[in-house]
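Asker: let me see the structure of the following:
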Amino acid sequence: QVHLVESGGGLVQAGGSLRLSCAASGSIFGINVMGWYRQAPGKQRERVAVATSGGSTYFADSVKGRFTISRDNAKNTVYLRMTSLKPEDTAVYYCNADIRKTWSDSTYYTYWGQGTQVTVSS
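Answerer: Numbering: from 1, shown residues only. A predicted model of the protein is given here:
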């Protein structure tokens, strides 16, 4: 079993900052891509930021320059530092990871966290 547990969401005023954390636990041999998606009410889930095990990162245009992503591979944890938050950043943020569970199985399986609410007031 693999679990992704997120923390760090909450209510913040526009212009403020938050840091989200996501820790993966369970049967983990390796993690390839790890990152964050978000879903606002009435909208599709969108990719916000991801980081590969090799250090490459991707950011949605809407968050470039405001959000940073980092990983602690030893702790199987990914962080999302969000600054200059805007009301349009309000959404449920989901952690996502592609995880290889065992040495004998080279397949990477995709896992999701339960989501954490981020609300930015104007």
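Asker: just the pLDDT at Y108, thanks.
Answerer: At Y108, the model reports a pLDDT of 96.
Asker: give me every residue that touches it.
Answerer: Neighbouring residues of Y108 by C-beta atoms under 8 Å, 6 or more residues apart in numbering: N32, D98, I99, R100. For glycine as for every other residue, the C-beta is placed from the backbone atoms N, C-alpha and C.
Asker: for V63, give me phi and psi.
Answerer: phi -120, psi 0 (degrees, to the nearest 10).
Asker: which ChimeraX command selects the buried ones in the contacts of Y108?
Answerer: To isolate in ChimeraX the members of these that are buried, counting by 16 or more other C-beta atoms under 10 Å, one can use:
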select :98,99,100
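Asker: out of the contacts of Y108, which is nearest to K75?
Answerer: I99 (14.2 Å; C-beta to C-beta).
Asker: just give the strands next to the strand or helix carrying that closest one in its sheet, each with its orientation.
Answerer: Element membership of I99 [criterion: DSSP states H and E] is strand 91-100. Here strand 91-100 is paired, per DSSP bridges, with strand 30-39 (antiparallel), strand 108-112 (antiparallel), strand 116-121 (antiparallel).
Asker: show residues contacting it.
Answerer: For strand 91-100, contacts defined as C-beta under 8 Å, 6+ apart pick out 2, 4, 6, 9, 20, 22, 24, 28-40, 43, 45, 48, 50, 78, 80, 106-118.
Asker: PyMOL command to pick out the buried ones of these?
Answerer: Of the contacts of strand 91-100, the buried ones go into a single PyMOL selection, burial set by 16+ other C-beta under 10 Å:
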select buried, resi 4+6+9+20+22+24+28+31+33+34+35+36+37+38+48+50+78+80+108+111+113+115+116+118
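Asker: for the protein, just list every one of the strands.
Answerer: 2-7, 10-13, 18-26, 30-39, 46-51, 57-59, 67-72, 77-82, 91-100, 108-112, 116-121 (DSSP state E).
Asker: please name the nearest non-neighbouring residue to T68.
Answerer: Nearest residue to T68 in three dimensions, chain neighbours excluded: R81, at 4.6 Å (C-beta to C-beta, 6 or more residues apart in numbering).
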